[in-house]
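**Student:** Build me a structure from this.
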Amino acid sequence: MAEAAASAAGGARRPIDVAVGVLIDPDGRFLLTSRPVGRVYAGYWEFPGGKLEAGESVEQALRRELHEELGVDIGAVHPWQVEVVDYPHALVRLHFCKVFDWRGEFEMREGQRMAWQSLPVAVSPVLPGTVPVLRWLAAERGFAGATHAEPG
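**Tutor:** Numbers count the residues shown, from 1 in each chain. Below you'll find the predicted structure:
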């Protein structure tokens, strides 16, 4: 009860763990998907993934989420970076994993859109939690300049 009151009063919130896939094709492009209508930040572009369910590892959650959302079965999962993002609606701990191989045809099962991108990304707006990943990719690839368009 006190924890709920503290949270409602703006106190510390527990982060929600989210598995996120950075799918990279043989040409070095990465997959971004749009957030579906009816969700917070609908229409914003992000790397696909979702919340860990009770007892799931990051890898298990990522496999489940990418199958449910995109219709693909992924190969090896390469844990990469962890970033905590404090959104107005939730505090999230994003577990970013690189994925280089998958099986199946992409199906946007939640009505989202998909786009293979390189730097700078052409899609907009980009979800705030996606921005650090674009910077990490830029650093790895020796890319200088803006990684995305800032919301206007």
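**Student:** got the buried residues for stretch 21-41?
**Tutor:** Buried residues in stretch 21-41, counted by 16 or more other CB atoms under 10 Å: Gly21, Val22, Leu23, Ile24, Phe30, Leu31, Leu32, Thr33, Ser34, Arg35. Every residue, glycine included, has its C-beta placed from N, CA and C.
**Student:** Do you know the pLDDT at the third one?
**Tutor:** In other words, Leu23. Looking at Leu23, its pLDDT is 98.
**Student:** Name the helix or strand for it, please.
**Tutor:** Leu23 is part of strand 16-23 when elements are defined by DSSP states H and E.
**Student:** For the protein, which segments count as helices?
**Tutor:** Taking DSSP state H, the helices of the chain run over residues 2-8, 58-70, 131-141.
**Student:** just the angle between the strand holding Leu23 and helix 131-141, please?
**Tutor:** Between strand 16-23 and helix 131-141, the angle comes out at 40 degrees (axes from the mean of the first three to the mean of the last three CA atoms, to 10 degrees).
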